[in-house]
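Student: can't give you the sequence, but here's the structure:
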């Protein structure tokens, strides 16, 4: 789907294999170290150099985003953001929106043209899927008019049901703007 000057898409897949994207976003932990889920997959694929580069940047707070090189990933950069733990980090909606907004800001500062996002905070951090999708889509739609460099945003979802839900909400919210 094209929104203004930016292509926005939803794709089922593995965030660690996003060929052709300038950056992938890591749903990181505060210490920016390997873990489970997205962080574990990205660190395994990137190799040990990613953890070494991340160490001096940690800890980060919920909503914050930092950028590193991609190491052995097919992407030149990784943008690491700490999503809120649902029911613990408040205000959860504002913190989750800050993850997407600040990640796009790091991409803009680095003059990147494409960014792939996972569904931040929806795994082990327990954020309910539909509200998380609405925050993600709303934040990206609001950011698009101010993007000078980013021209392609991809949401990478691990299963078809999640992808379909993202696509439905993206279409609904894009038509309503």
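Tutor: Perfect, thanks for sending it. What you see is a predicted model; the values in this text were computed from it and never measured.
Student: go through stretch 86-100 and flag the buried ones.
Tutor: 86, 89, 92-93, 95-100 (16 or more other CB atoms under 10 Å). No exception for glycine: its C-beta is placed from N, CA and C like everyone else's.
Student: can you give me the helices for the protein?
Tutor: Along the chain, the segments classed as helices by DSSP state H run 37-46, 48-54, 92-109, 129-143, 160-175.
Student: could I get these as a markdown table with distance to residue 17 and mean pLDDT?
Tutor: What follows is the helices of the chain, written out as a markdown table (distance: least, CB to CB, whole Å; pLDDT from 0 to 100):
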| stretch | distance to residue 17 | mean pLDDT |
| --- | --- | --- |
| helix 37-46 | 7 | 92 |
| helix 48-54 | 15 | 97 |
| helix 92-109 | 19 | 98 |
| helix 129-143 | 21 | 97 |
| helix 160-175 | 15 | 95 |
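Student: okay if I get those as CSV plus distance to residue 121?
Tutor: As requested, those are exported to CSV (distance: least, CB to CB, whole Å):
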stretch, distance to residue 121
helix 37-46, 10
helix 48-54, 19
helix 92-109, 6
helix 129-143, 6
helix 160-175, 13
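Student: list the residues that contact the spatially most central residue of the chain.
Tutor: Nearest residue to the geometric centre of the chain (CA atoms, centre = their mean): residue 117, 3.1 Å. Residues in contact with residue 117 (CB atoms under 8 Å, 6 or more residues apart in numbering) are 25, 100, 103, 136, 153-156.
Student: top of those by neighbour count?
Tutor: residue 25 (31 neighbours; other CB atoms under 10 Å).
Student: for the contacts of residue 117, which one is nearest residue 54?
Tutor: Comparing those against residue 54 with CB to CB places residue 25 closest, at 13.9 Å.
Student: ok, what's across the strand from that closest one?
Tutor: Note on residue 25: beta-bridge partners by DSSP bridges are residue 79.
Student: so what pairs up with the residue nearest to the centre of the chain in the strands?
Tutor: residue 155.
Student: tell me the mean pLDDT over stretch 78-85?
Tutor: Across stretch 78-85, the average pLDDT comes to 97.
Student: dump the contacts of residue 117 to a markdown table, plus distance to residue 4.
Tutor: Shown next, in a markdown table, are the contacts of residue 117 (distance: CB to CB, whole Å):
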| residue | distance to residue 4 |
| --- | --- |
| 25 | 21 |
| 100 | 17 |
| 103 | 19 |
| 136 | 18 |
| 153 | 11 |
| 154 | 16 |
| 155 | 17 |
| 156 | 22 |
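Student: out of those, who's nearest residue 13?
Tutor: residue 156 (5.2 Å).
Student: which residues does that closest one contact?
Tutor: The neighbours of residue 156, taking CB under 8 Å, 6+ apart as the test, are 11-15, 18, 24, 116-118.
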